[in-house]
Structures are given as C-alpha cells and as structure tokens.
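Enquirer: Take a look and give me a structure for this.
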Amino acid sequence: MTRKGTQQPKAQWNFDEINTLLTYLILVKSLMAGVTFKEATFNEAAQQIMSKRTHGLLKTRAQCKNKWTLLTYHAILAYRSRSGCHWDDEHGANINGPAAEAVWEEIVSKKV
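Expert: Prediction:
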C-alpha cells in the first residue's frame with residue numbers, strides 16, 4: 001500500500017526479465033551492501049530488464065528488489081526444509097562439499 005492507501009499494480013515477470021535480473025545481479029555481486037544490494041544497483045537492474053518486457057508495466061527499483069528478495073527467500077526455505085540441510089542468519093547455509101553444493105544447485109535451478 002502507498003501512503004494514500006492505493007495499492008500499486010503487481011509486477012508481471014516473464015522468464016527473460018527474471019533471467020536478466022539475476023544475470024545482472026550476479027555480474028555486480030561485488031557491489032553488495034552486506035547481504036543485499038544497494039538501491040542504485042536495483043535502479044540499474046530495472047534499466048537492464050526494460051527491453052525484456054512483454055506485458056505489464058515497466059519494472060521499478062522496488063519491484064526488482066522485491067523479486068530478488070522473494071527468489072532468495074524461497075530458495076533458502078526450500079534448502080533448509082531438506083533433511084540434513086541447515087540455515088541460520090549468522091552462517092547462512094554453510095554449504096560445504098560437492099553433495100551440499102549439488103542440493104543447492106538443484107533447488108535454485110528448478111524455478112525462476
């Protein structure tokens with residue numbers, strides 16, 4: 001909800017927009033501010049995906065940030081729900097070894 005109480009339209013994402021967003025964020029991961037990216041990075045991400053839009057409104061900084069948050073949040077939930085997998089806010093997933101890496105890769109490659 002905005003300050004005036006009107007709801008912003010939901011963003012409709014296509015595969016190319018999501019793929020471009022993730023590719024861009026991976027490319028600029030050195031610009032992370034702690035565990036996420038700076039606002040300026042999400043502004044640039046919105047510019048990067050502009051040409052990939054097939055329907056809906058152009059994506060904003062806030063929508064790019066929200067998409068990133070949702071994608072990482074759901075990946076973490078899926079990972080920690082697996083038997084033997086762990087996540088905590090201090091150490092993250094602490095993925096060590098090829099078996100743990102394979103589980104993580106399987107989760108993040110399933111659905112974009």
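
Enquirer: List the buried residues in stretch 100-112.
Expert: With burial defined by 16 or more other Cβ atoms under 10 Å, the residues of stretch 100-112 counted as buried are Ala100, Val103, Trp104, Ile107, Val108. The C-beta positions use only the backbone N, C-alpha and C, and glycine is treated the same way.

Enquirer: make that stretch 70-90, sorry
Expert: Buried residues in stretch 70-90, defined by neighbour count with 16+ other Cβ under 10 Å: Leu71, Ala75, Ile76, Ala78, Tyr79, Cys85.

Enquirer: what's the answer for stretch 88-98, then?
Expert: Residues Ala93, Ile95 are the ones in stretch 88-98 that count as buried (16+ other Cβ under 10 Å).

Enquirer: State which helix of this protein is the longest.
Expert: Under DSSP state H, the helix in the chain containing the largest number of residues is helix 61-80.
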